[in-house]
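Visitor: Predicted coordinates and the sequence they were generated for:
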Amino acid sequence: MAKKKESASAVYRVTEIIGTSTTSWEDAARNAVETAAKSLRDLRIAEVSKLDMKVEDGKVVAYRARVSLSFKYDAE
């Protein structure tokens, strides 16, 4: 009979961040994740929850992406 592997358990945190870009929502979301990756380790899932724009004098000057980002807690 084959020995059953134990499943590893883990704890994740979900936090909300906002990225900005003068180019596009895609760049705004990418900026949010790449900036967060500089200080958070083991990022897992990024979900865009809201898109908006900053408007000045009737013109779009920035794109903003609100991103829910999950990362794994260290087991130490």
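Guide: Received the coordinates, thanks. Numbers count the residues shown, from 1 in each chain.
Visitor: from here on, contacts and neighbour counts on C-alpha atoms
Guide: OK.
Visitor: For whichever strand or helix holds Ala65, which helices and strands make contact with it?
Guide: Using DSSP states H and E, Ala65 sits within strand 59-72. Packing partners of strand 59-72 (3 or more CA pairs under 8 Å, 6 or more residues apart in numbering; DSSP states H and E): strand 12-21, helix 25-36, strand 43-56.
Visitor: The first one pairs with which strands?
Guide: The reference is to strand 12-21. strand 59-72 (antiparallel) (DSSP bridges).
Visitor: Quick one: work out the angle between the partner strand and helix 25-36.
Guide: Relative orientation of strand 59-72 versus helix 25-36 (axes from the mean of the first three to the mean of the last three CA atoms, to 10 degrees): 40 degrees.
Visitor: Format the CA atom coordinates belonging to strand 59-72 as PDB.
Guide: Extracted as PDB, the C-alpha positions of strand 59-72 are listed here (Å, rounded to 0.1, in the frame of the first residue of the first chain):
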ATOM      1  CA  LYS A  59      -8.100  65.200 -19.600                       C
ATOM      2  CA  VAL A  60      -7.000  61.800 -18.200                       C
ATOM      3  CA  VAL A  61      -3.600  62.300 -16.500                       C
ATOM      4  CA  ALA A  62      -3.300  59.000 -14.700                       C
ATOM      5  CA  TYR A  63      -4.700  55.500 -14.700                       C
ATOM      6  CA  ARG A  64      -5.100  53.700 -11.300                       C
ATOM      7  CA  ALA A  65      -5.600  50.000 -10.600                       C
ATOM      8  CA  ARG A  66      -6.700  48.800  -7.200                       C
ATOM      9  CA  VAL A  67      -5.200  45.300  -6.700                       C
ATOM     10  CA  SER A  68      -5.900  42.700  -4.100                       C
ATOM     11  CA  LEU A  69      -2.600  40.900  -3.600                       C
ATOM     12  CA  SER A  70      -2.000  37.700  -1.700                       C
ATOM     13  CA  PHE A  71       1.300  36.500  -0.200                       C
ATOM     14  CA  LYS A  72       2.400  33.700   2.000                       C
END
